[in-house]
Every structure is written in C-alpha cells, then in structure tokens.
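> coordinates only, sequence not included:
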C-alpha cells in the first residue's frame, strides 16, 4: 500500500530531478534548416530534423505551427501530428520506440552500404 510518506518522498524526488535536469523553455520550427529547435533551461538549444522522429517522418512545415511544452518542461507536444516527445529521451538519442529505432538503424546501415557500394563501383 502506498502511504502519504511514499507520495511525499516521490514528490521530493521529482522536484530534485526537475531542478537538476534541463527543461524545455521554448520550442519552434526553423524552416530555413528544417529543424525543430528546443531551447533548454541551461541555455543550450537542441535542433532535431523531424524525419528522424517517429510520427514525424512525413510531416510538413505547417504541422509544426503549434508546439506545446508541458508544465514540467520535460514534454513537447505537436497537436497537428498528435506526437509527444520526452526531453530526457531526446537527450539520450531516443527518437521513437525501440522497434522504430531498430528499423531506423537498419535503414541507416542499408543506406550507408548502398553509398559505399556506389563509391567502390
């Protein structure tokens, strides 16, 4: 059974995590470079090409007109696509589910093999 003490301890851990971790403070789409740009509480900016993110592979610039940041600053929501991103996952290089990431790695490796073959042939 979860006690009130357990709840308070969990809340304290969450507050500590929020104080130590970077949070999204602003997000926008930069059409010039075709990137989602997320400004972090640390002053850094993260620029992500949408085609590497699950659910955004076929998105158009108009799909990025509205971007919402969760109150914690850890989530970024794209209403037109119904896609949610988790900032800590992005910072770890996770741009989708495990299965989607594995398929992306295979596509990347296949593409590199094709390019190497063209250079050699």
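Cool, the structure landed. As the structure is a computational prediction, the values presented were derived from the model and not from experiment.

> okay, now the unreliable bits of the chain?
Scanning the chain for pLDDT under 70 picks out the ranges 105-121.

> swap in 90 and give it another go.
Along the chain, the parts satisfying pLDDT under 90 run over 1-2, 13-21, 57, 99-121.

> quick one, helices of this structure?
Assigned by DSSP state H, the chain shows helices spanning 4-20, 87-91, 98-120.

> which strands or helices does the second one pack on?
Put plainly, it is helix 87-91. Identification of packing neighbours for helix 87-91 by 3 or more C-beta pairs under 8 Å, 6 or more residues apart in numbering; DSSP states H and E yields strand 35-40, strand 45-48. (Glycine included, C-beta is placed from N, CA and C.)

> isn't residue 51 right up against residue 57?
Yes: the criterion here is C-beta atoms under 8 Å, and residue 51 meets it with residue 57 at 5.5 Å.

> and the residue nearest the centre of this structure?
residue 90 (3.9 Å; C-alpha atoms, centre = their mean).

> surely that residue touches residue 47?
No: using C-beta under 8 Å, residue 90 makes no contact with residue 47, being 11.0 Å away.

> what do these two both touch?
residue 38 (C-beta atoms under 8 Å, 6 or more residues apart in numbering).

> test my guess that residue 76 contacts residue 56.
No: using C-beta under 8 Å, residue 76 is not in contact with residue 56, being 11.4 Å away.
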